[in-house]
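Trainee: no sequence on this one, just coordinates:
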C-alpha cells in the first residue's frame, strides 16, 4: 500500500494536465470519490479539476508524505504535507485511501490538520 500512497501523491504533484490525466487513468477508478472539508467530487475529471484548483491556490508547492503509512484491508491512512519543496510544509493533512481489488484508488477521505490563516 505504500506504492498506492506514492502514486496518490504523484497525482497531486503532477502539474502537467496530460501527466495528471495519465496518472488518474492508471491508478484511480473511473468512479473514484474524493471528499475533504473543501471538496466533495466524484469521477476522474472532477478529481483532476480539484487537484488543478489546489495547485492554482498553492503554486510551486508540492505534496510530501509525513510519517508512516498505516494499512489494512485495502485501506491506507497517512499524513501529508504541502509546501515548498524541501521546506517545512505550510499545510498538513491526513487522508484515508481505499482501493479496489486491482489496487486502484476508489475512495479518498481527507482531513486538514493545519491550514494557514
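Mentor: Now that the structure is in, tell me what you want to look at. Worth saying up front: this structure is predicted, and the values here are computed from it rather than measured. Numbers count the residues shown, from 1 in each chain.

Trainee: just for this protein, where's the confidence low?
Mentor: 1-2 (pLDDT under 70).

Trainee: in it, which spans are helices?
Mentor: Secondary structure of the chain (DSSP state H): helices located at 2-13, 17-27, 44-57.

Trainee: quick one, what contacts residue 24?
Mentor: Going by CB atoms under 8 Å, 6 or more residues apart in numbering, residue 24 touches 11, 32, 44, 47, 48. For the C-beta atoms, the positions are set from N, CA and C on the backbone; glycine is no exception.

Trainee: longest strand in the protein, by residue count?
Mentor: strand 61-72 (DSSP state E).

Trainee: Provide the strand pairings for it, with the direction of each partner.
Mentor: Strand 61-72 sits in its sheet next to strand 75-84 (antiparallel), going by DSSP bridges.

Trainee: how about the longest strand of the chain: buried residues?
Mentor: By 16 or more other CB atoms under 10 Å, the buried positions in strand 61-72 come out as 61, 62, 63, 64, 69, 71.

Trainee: and what of stretch 25-40?
Mentor: Neighbour counts over stretch 25-40 (16+ other CB under 10 Å) mark 27, 28, 29, 32, 33, 34, 36, 39 as buried.

Trainee: would you turn those into TSV with distance to residue 82?
Mentor: Shown next, in TSV, are the buried residues of stretch 25-40 (distance: CB to CB, whole Å):
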residue	distance to residue 82
27	20
28	19
29	24
32	20
33	21
34	15
36	12
39	14
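
Trainee: residue 80: which of these is nearest?
Mentor: residue 36 (11.3 Å; CB to CB).
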